[in-house]
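>>> fold the following, please.
(one chain, ligands or ions: 1)
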Amino acid sequence: MYVREKHVKILAAVMGVAGIVIFALLPFIKKKHDAPPAPVTKITDAKLSGEMFDVCKVNVPEKDWQYIIVHHSGTKEGNAANFDAYHKNKKKWRHGLAYHFVIGNGNGSADGEIETGPRWEKQIHGAHSGRMDFNRISIGVCLVGNFEKQGSGPTQGQMESLQHLLKYLCKRYNIALDKVIGHNQVQKSQTACPGKNFPFNKMKFALAEALKGELRESESQQEHNETDGSPRI
Ligand SMILES: [Zn+2]
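Residues are numbered from 1 along each chain as shown. Okay, the predicted model is just below:
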């Protein structure tokens, strides 16, 4: 019996070591293909701040982010890898995926899944607001879906994940509530994004409740939260 147990232990140890070696080699194996680097961090249940810490963790110096801009993808399905390929191959954006985070709707990635893009991991500007001055200082969060379409809207899972992410980011970077805006509130953006069915006021109210007393007062009523021009997708 003892000998058998010993064998089992040895076998388990060997399998463990083999597993670690394969895991360690995975990134190198992947690099042999020409596929664009996939956005890295994925979680399926974004409900705890500990998970937010993991989602938002970076190994480079953090940027002094000042705004968070919420988007919809304008597509009924998708995920960070799809958008990354589109932005890289069709839009020819060197850094690929325009947003820092993508929140899935169950079509292309799990409902409420938060995917972290390479731009976040490198702490570099996004390409989502239509204005470079904003791209440099704003975190871009995209919810998969077209919320401008009749009868559409984000899923409950997406809104829950968004709330957790926003709360975490606002606290971490001391971003005032009025600097959490929709894409259509970026001056001269001329877009309907994140769509007329995105529950912006409800989201802001819930965020205000969640952050009560935890943030500085906004220094000024900034000019950027005005819709400018006729909305379009
Ligand atoms: Zn947008």
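
>>> just checking, residue 198 touches residue 182?
Yes. Residue 198 is in contact with residue 182 according to C-beta atoms under 8 Å; the separation is 6.8 Å. (C-beta placed from N, C-alpha, C; glycine too.)

>>> which residues do the two both contact?
Residues touching both residue 198 and residue 182 by C-beta atoms under 8 Å, 6 or more residues apart in numbering: residue 70.

>>> who's more crowded, the two?
Neighbour totals were compared for residue 198 and residue 182, and residue 198 leads with 27 against 22 (other C-beta atoms under 10 Å).

>>> who touches the more buried one in this structure?
Applying C-beta under 8 Å, 6+ apart, we find residue 198 in contact with 70, 72, 143, 147, 153, 154, 182.

>>> 7 Å instead?
72, 147, 154, 182 (C-beta atoms under 7 Å, 6 or more residues apart in numbering).

>>> which ones among those residues map onto strands?
72, 182 (DSSP state E).

>>> can you narrow the contacts of residue 198 to ones near the ion?
Restricting the contacts of residue 198 to those touching the ion (C-beta under 5 Å from the ion) yields no residues.

>>> possible to save the contacts of residue 198 as CSV with pLDDT?
Listed next are the contacts of residue 198 as CSV, based on pLDDT from 0 to 100:
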residue, pLDDT
72, 98
147, 98
154, 98
182, 97
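
>>> most widely separated two among the contacts of residue 198?
Spatial extent of the contacts of residue 198 (C-beta to C-beta) is set by the pair 154 and 182 at 12.2 Å.

>>> what helix or strand is residue 69 on?
strand 67-72 (DSSP states H and E).

>>> and that strand, C-alpha only, in CSV?
Below are the C-alpha coordinates for strand 67-72, written out as CSV (Å, rounded to 0.1, in the frame of the first residue of the first chain):
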residue,chain,number,x,y,z
TYR,A,67,-11.7,60.3,-17.6
ILE,A,68,-13.6,57.1,-18.3
ILE,A,69,-15.5,56.9,-21.6
VAL,A,70,-18.2,54.3,-22.0
HIS,A,71,-18.9,52.9,-25.5
HIS,A,72,-21.1,50.3,-27.2
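
>>> mind listing what's buried along stretch 138-152?
Residues of stretch 138-152 classed as buried by neighbour count (16 or more other C-beta atoms under 10 Å): 138, 139, 140, 141, 142, 143, 144, 145, 146, 147, 148, 152.

>>> good, we can wrap up now.
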